[in-house]
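1. Next one to model:
(one chain, ligands or ions: 1)
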Amino acid sequence: MIIKPKVRGFVCITSHPEGCAAHVQEWIDYVKAKGPLTPGPKKVLVIGSSTGYGLASRVAAAFGSKAATLGIFFERPSEDGRPATPGWYNTIAFTNAARAAGLYAKNLNGDAFSDDIKRQALELIKSDLGQVDLVVYSLASPRRTHPRTGAVHKSVLKPVGTSYTNKTVDTDKGIVSTVTIEPASPQEIADTTAVMGGEDWELWMNALSEAKLLAPGAQSVAYSYIGPEVTWAIYKNGTIGLAKNDLERAGKNIDSLLKLNGGGRAFISVNKALVTQASSAIPVVPLYISILYKLMKAHGTHEGCIEQIQRLFATQMYNGKTPTFDEAGRVRIDDWEMRPEIQNAVREIWPRVTTENLATETDIAGYRTEFLKLFGFGLPGINYEAETEPHRLMP
Ligand code: NAD
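-> Down below sits the predicted model:
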């Protein structure tokens, strides 16, 4: 079939297998060009490995340090001629490239919150890898079925306490409007923390520890976001921010666990705002990202997922480096985003953005290009007019 993008609001319901493979190859090439991590991670479990920051972590570990990787993700293969989700094609491309380079790469497609996937992962690590020395926790999910209670928790992106009104952009139509979001109920707050908080990260790490599958000195990292004041009501102080506070709480417990395991560590890395499937669903944030991209590109400091994670690994975790923590014990790889010259300019531009000047005041074009790339569209060298086979088997 000939596969073209079909954008519906903040999602694209199609994806292109060769385009996704070309996107993954761009990331592999970037990591290779940066040179090896010495020393780097050797045996890595990535939970949420098929897109965004998790995929970047897997690529950086495998191609920056020849690491064996086990990837966990939740993706849909093609069905009835409908293309698979991009993470499916990304993972096929990654796995083929890793194995062609002589690296171990295995995958588990299923619900990372479930006991069953944890059990399967533990078995694979035990039989194939012995132990892991890095666990990357990079899930972004709209829901979680709790493995003990069976309750289905749904996460929401809402302010806490009072309603929030601000500008937002329909990135597809290019219309800037005002949005008012009502505050979350106590139940919604608790549900969002159950999904995006730290309980599941702790369950993973405790299970790995009990099964003696953590190598001495093993590290674990999970990703968070803080961002500028203009987004705080919906992010940092909203339901997702409270969930991230719980992720930090869990990180401290896991850090204690890993310290006892040969002096390892766990921490939160606060990453830059980037176009991913998860972030495009958050109101207000895509408009901020469009402004941010314009400014950071002009300053020569723009980074994508792969640049962020390669920098995290190379300057904070490996190459003989140790993390530099902020006052709350977090690594700040969002440092370039938060520089005063960038944030002051965001504050200046924000009030004057309208539908009419969106193209000149922001990098909405760059946002759209990045968004389509997530689904394998707009990659150089791909003939999007050609027939392609959507049905691809996971190697
Ligand atoms: P993403 O949507 O690109 O990736 C999410 C990953 O989780 C995918 O691999 C997906 O398959 C997997 N996943 C989702 N539900 C799952 C389930 N039940 N079982 C197994 N796998 C599942 O998201 P992302 O933006 O890369 O986010 C990853 C982390 O980075 C999140 O914690 C997010 O808050 C954080 N972060 C994102 C940004 C940003 O701007 N995108 C900034 C800072 C931090």
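2. pLDDT score assigned to Val11?
-> We have a pLDDT of 89 for Val11.
3. wait, it sits on Gln277?
-> Yes - counting by CB atoms under 8 Å, Val11 does reach Gln277; the two are 7.2 Å apart. Every C-beta, even on glycine, is put in place using the N, C-alpha and C of the backbone.
4. could you measure Ala21 against Asn96, distance?
-> Look at Ala21 and Asn96: by CB to CB, to the nearest Å, they are 8 Å apart.
5. And Val285, by the same measure?
-> Using CB to CB, Val285 is found at 33 Å from Asn96.
6. who's more crowded, those two?
-> Set side by side, Val285 and Asn96 show more neighbours around Val285, with 24 against 14, by other CB atoms under 10 Å.
7. quick revisit: can you pick out the residue with more neighbours from Val11 and Gln277?
-> More crowded of Val11 and Gln277, by other CB under 10 Å: Gln277, with 18 against 14.
8. For Tyr235, which three-state class applies?
-> For Tyr235, the assignment made with DSSP: H, G, I helix; E, B strand; the rest coil gives coil.
9. Let the chain start at 309 from now.
-> Shifting the count to begin at 309 puts that one at Tyr543.
10. Let me know whether it touches Pro591 as I believe.
-> No - between Tyr543 and Pro591 there is no contact under CB under 8 Å: 9.9 Å.
11. out of those two, which sits in the more crowded spot?
-> Counted by other CB under 10 Å, Tyr543 and Pro591 do not tie: Tyr543 has more neighbours, with 25 against 22.
12. where does the more buried one land on pLDDT?
-> With respect to pLDDT, Tyr543 has a value of 94.
13. what's the spacing between it and Asn561?
-> In terms of CB to CB, Tyr543 sits 24 Å off from Asn561.
14. Could you list every helix and strand that the longest helix that the chain contains packs against?
-> Longest helix of the chain, by residue count under DSSP state H: helix 547-567. If you count contacts as 3 or more CB pairs under 8 Å, 6 or more residues apart in numbering; DSSP states H and E, helix 547-567 packs onto helix 494-504, helix 507-518, strand 522-532, strand 573-578.
15. among those, which is nearest Tyr675?
-> strand 522-532 (20.3 Å; CB to CB).
16. what residue is smack in the middle of the chain?
-> Tyr361 (3.2 Å; CA atoms, centre = their mean).
17. Next secondary structure element downstream of the helix or strand encompassing that residue?
-> Here Tyr361 sits within helix 360-373, counting by DSSP states H and E. Following helix 360-373 in sequence order, the next helix or strand is strand 376-381 (DSSP H and E).
18. That following strand - which strands sit beside it in the sheet, and in what orientation?
-> Its sheet considered, strand 376-381 pairs with strand 351-355 (parallel), strand 413-417 (parallel) by DSSP bridges.
19. Tell me which of those strands sits nearest to the ligand.
-> Of all the strands paired with strand 376-381, strand 351-355 sits nearest to the ligand, with 6.8 Å by CB to the nearest ligand atom.
20. can you state the direction angle for that closest one and helix 360-373?
-> With axes from the mean of the first three to the mean of the last three CA atoms, to 10 degrees defining the directions, strand 351-355 sits at 170 degrees from helix 360-373.
21. What is the neighbour count of the closest residue to the ligand within the chain?
-> In the chain, the residue found nearest to the ligand is Gly360; the distance is 2.1 Å by CB to the nearest ligand atom. Residues within reach of Gly360, counting by other CB under 10 Å, total 24.
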